Each structure stands twice: as structure tokens, then as C-alpha cells.
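*Asks:* Sequence first, predicted model second:
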Amino acid sequence: MVDSVPIFVKRIYERVEAADGKRILVDRLWPRGLKKEDAKIDEWIKDIAPSDQLRYNNAVALKEFLEKKQYL
């Protein structure tokens, strides 16, 4: 049996801590205002990040939801 390894999600802008373990950035775009040498990441995996179309669709759906919520 393989030992399970916990996975934690953390924003790239949060402070780096020793307990973070291996830090992997999963995003197609580099975060604004952050220098690559300051990011302290072990890997940047662009290929598994949400597509541009999915990101757009989620933004549109959120906007529509917030507009409808005003009338509830």
C-alpha cells in the first residue's frame, strides 16, 4: 500500500513557510507583481491549469450570479 501525502492549496502571495513542503504553481499566467526569484516555487506546471475558455466561462457565470442575487 502506498502512503498518502496530503495536498494543501495556498495562494502564491501568501508567506512561504517551512511546513509548505514542495511548492508547485498551477496556472497558465505568471502572477502579477511577483518576481520569479521571489516566488520560492519548486515547479511551475502550466499544462494542467484551467484553460482560458474555462476561466472566461467561470468569470461570466460569477458575474451573472451576482447580478441575479441582487433581485433575491
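*Replies:* Received the coordinates, thanks.
*Asks:* for the protein, which spans come out with low pLDDT?
*Replies:* By pLDDT under 70, the low-scoring segments of the chain are 1, 71-72.
*Asks:* what about the strands in it?
*Replies:* Secondary structure of the chain by DSSP state E: the strands cover 24-25, 43-44.
*Asks:* nearest to residue 66, of these?
*Replies:* strand 24-25 (28.0 Å; C-beta to C-beta). Placement of C-beta: from N, CA and C, glycine included.
*Asks:* Can you lay out the strands of the chain as CSV showing mean neighbour count and distance to residue 67?
*Replies:* Below are the strands of the chain laid out as CSV (neighbours: other C-beta atoms under 10 Å; distance: least, C-beta to C-beta, whole Å):
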stretch, mean neighbour count, distance to residue 67
strand 24-25, 14, 32
strand 43-44, 12, 35
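*Asks:* what about stretch 41-61, how long is it end to end?
*Replies:* Terminal residues of stretch 41-61 are spaced 31 Å apart (C-alpha to C-alpha, to the nearest Å).
*Asks:* Can you point out the buried residues in it?
*Replies:* residue 41 (16 or more other C-beta atoms under 10 Å).
*Asks:* which residues sit against that stretch?
*Replies:* With contact meaning C-beta atoms under 8 Å, 6 or more residues apart in numbering, stretch 41-61 is reached by 12, 22, 23, 24, 25, 26, 27, 28, 30.
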